[in-house]
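[1] my questions are about this predicted structure, shown below with the sequence.
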Amino acid sequence: MQQGSVVLVSHDGPSSPSGVAAGERSYRWSRSGTLSLWVQPWTDNAGRTFNRDKLVEEAVNAWMRSNAVHIVMVSWPMDADIRLYWSDKLPPSNPGVTMLYSSKSGRLTHADVFISIAPAPWDIGTPDRVLYATIAHELGHALGLPHDPSLSALMHPAPLVTSVTDEDLAHLNALVHGGA
């Protein structure tokens, strides 16, 4: 049960972008300070909204517990460093994908996160907890984290936990403050 994948797209010139599989390494943002997040509004065909926004907010707050990052919500995708899109096209085996874009120096300039609107059929919690885990995992990639080999980390390629762990937060701190 692979959580998702990360592809790094570099804007180094006229050649085609190159992709890097998730887990190979971490990436730092091109600038420090507050990152902005835009979340695509979603309603079903009947116009009903679900608690996806609350799950995103919970995931953002969990990552900000590290004090290594500060994330604010913005109203327009063009104003965002990280854009989160809902998809009904992702397979259950791969409910999240993160695209990372970099500068010539290899630092992140922005990220696009794609999350399946339906939680993966994994037996690690309620559907809301599984959807939350997917959102939080992919936001971890958008913050620059790779997959983690530890089974107790949310950033494991096939997480067995449904929350951002102290281990995940320590890795984010190390990345932002120069240890990764």
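    Looks like it arrived, so ask away.

[2] so after whichever helix in the chain runs longest, what's the next helix or strand?
    Ranked by residue count, the top helix of the chain under DSSP state H comes out as helix 127-142. Next along the chain after helix 127-142, taking DSSP states H and E as the criterion, comes helix 166-176.

[3] need the contact partners of that following helix.
    The set of residues external to helix 166-176 that reach it, using Cβ atoms under 8 Å, 6 or more residues apart in numbering, is 26, 28, 32, 63, 65-69, 140, 143-145, 148, 150, 152-155, 179-180. Quick note: C-beta positions are derived from backbone N, CA and C, even for glycine.

[4] quick one: mean pLDDT for that helix?
    Across helix 166-176, pLDDT averages out at 96.

[5] tell me the angle of that helix relative to helix 127-142?
    Here the directions of helix 166-176 and helix 127-142 differ by 20 degrees (axes from the mean of the first three to the mean of the last three Cα atoms, to 10 degrees).

[6] buried residues in helix 166-176, which are they?
    167-169, 171-173, 175-176 (16 or more other Cβ atoms under 10 Å).

[7] between the lengthiest strand in the chain and helix 127-142, how big is the angle?
    Counting residues, the longest strand in the chain under DSSP state E turns out to be strand 108-116. Strand 108-116 and helix 127-142 are oriented at 160 degrees to each other (the same axes, to 10 degrees).

[8] so what does strand 108-116 touch, helix or strand wise?
    Applying 3 or more Cβ pairs under 8 Å, 6 or more residues apart in numbering; DSSP states H and E, we find strand 108-116 packed against strand 82-87, strand 96-102, helix 127-142.

[9] out of the ones you listed, which gets nearest to Glu58?
    Between Glu58 and those, the tightest spacing by Cβ to Cβ is seen for helix 127-142, at 6.2 Å.

[10] can you list the residues that contact that closest one?
    3-4, 6, 22, 51-52, 55-56, 58-60, 62-63, 82, 84, 95-98, 100, 111, 113-116, 119-120, 122, 124-125, 154-155, 159, 161-164, 168, 172.

[11] again, only this time at 6 Å
    3-4, 6, 55-56, 59, 62, 82, 95-96, 98, 111, 113, 115, 119-120, 122, 154-155, 159, 162, 164 (Cβ atoms under 6 Å, 6 or more residues apart in numbering).

[12] just stretch 104-124 next, same as before
    Contacts for stretch 104-124 (Cβ under 6 Å, 6+ apart): 1, 12, 27-30, 81-88, 90, 92, 95-103, 127, 130-131, 134-135, 138, 142, 160, 162.
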